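Colleague: what follows is a predicted protein model with its sequence.
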Amino acid sequence: MTEKPHIRTVPELMRLEREFFTRDVLDVAPGLLSKMLAIKSINGNIRKYYISETEAYRGSDDKACHACRGRTPRTEIMYHEGGRLYVYFVYGMYWMLNIVTGTENNPQAVLIRSLENCTGPGRITRLLGIDKSFYGEDLVTSDRIWIEDSSITPVYMAGPRIGVDYAGEFWKNKPWRYYL
DNA sequence: TCAGTGATTAGG
DNA sequence: CTAATCACTGAG
């Protein structure tokens, strides 16, 4: 007897397009939870990790956002439309991975703080091999890093951002850190 | 709790 | 040029 071979349906994971990133950072930051970060190594291996913690940095008014000091060589990319990477070096040791959001000349970004299996923004960039060469990379067109949609609707919490005590009571207390 | 580490920035 | 600052981590 012949039986039709069983076809297992794997949910198709689509790359997130420009429109996902050009929304306000307060929509994109929680929206990235449970999405899949995909990165291709130099040897062609593709690794994928669920995003589990993010933080929103919102415009030049936000005293915790690097753009509050204006447009500088480092913050330049934040002034582009959403979808680019803002990568910078801090504390002499760690690369921070941020995704630019919003529209042109409206500096915003999401800090990726944790993945499913790795907590801490400095640790995840070490795991992924993110460095200065990723500054400005476009998640919509890059062939080495992108984000895929998932069918998961995350249940998440929100709380104050980490490490921004210098920003003053008003901005440091904003519940713009999102986590599963 | 606290040192390590160096790019970035403002100011002179 | 100088010095302060810093979206952190790991050891104790």
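Modeller: Cool, got the structure.
Colleague: please give the element, helix or strand, for the closest residue to residue A:158 other than its chain neighbours.
Modeller: In space, and not counting its chain neighbours, residue A:158 is closest to residue A:175: 4.3 Å by Cβ to Cβ, 6 or more residues apart in numbering. All C-beta spots, glycine's among them, are computed from the backbone N, C-alpha and C. In this assignment (DSSP states H and E), residue A:175 forms part of neither any helix nor any strand.
Colleague: neighbours of residue A:175, how many?
Modeller: By other Cβ atoms under 10 Å, 11 other residues sit near residue A:175.
Colleague: just residue A:129 next, same as before
Modeller: 14.
Colleague: circling back: mind listing what the residue nearest to residue A:158 touches?
Modeller: By Cβ atoms under 8 Å, 6 or more residues apart in numbering, residue A:175 lies in contact with A:158, A:159, A:160.
Colleague: of the residues you listed, which belong to helices?
Modeller: The members of those all map outside helices under DSSP state H.
Colleague: give me the subset of these that also touch DNA strand C.
Modeller: Counting by Cβ under 7 Å from any atom of the strand, nothing from the contacts of residue A:175 sits close to DNA strand C.
Colleague: restrict stretch A:64-82 to CA atoms and write it as CSV.
Modeller: In CSV, the C-alpha atoms belonging to stretch A:64-82 read as follows (Å, rounded to 0.1, in the frame of the first residue of the first chain):
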residue,chain,number,x,y,z
ALA,A,64,18.9,58.4,29.4
CYS,A,65,19.2,58.3,25.6
HIS,A,66,22.6,59.0,24.0
ALA,A,67,20.9,61.4,21.5
CYS,A,68,20.0,63.8,24.4
ARG,A,69,23.4,65.3,23.9
GLY,A,70,22.8,65.8,20.2
ARG,A,71,24.0,64.4,17.0
THR,A,72,27.6,63.2,17.3
PRO,A,73,29.6,60.7,15.2
ARG,A,74,28.6,57.9,17.6
THR,A,75,24.8,58.7,17.7
GLU,A,76,24.6,59.6,14.0
ILE,A,77,22.9,56.3,13.0
MET,A,78,20.1,56.9,15.5
TYR,A,79,18.9,59.8,13.3
HIS,A,80,18.2,57.4,10.4
GLU,A,81,14.9,55.6,9.9
GLY,A,82,14.4,52.4,11.8
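Colleague: if anything else comes up later, I'll come back, but that's it for now.
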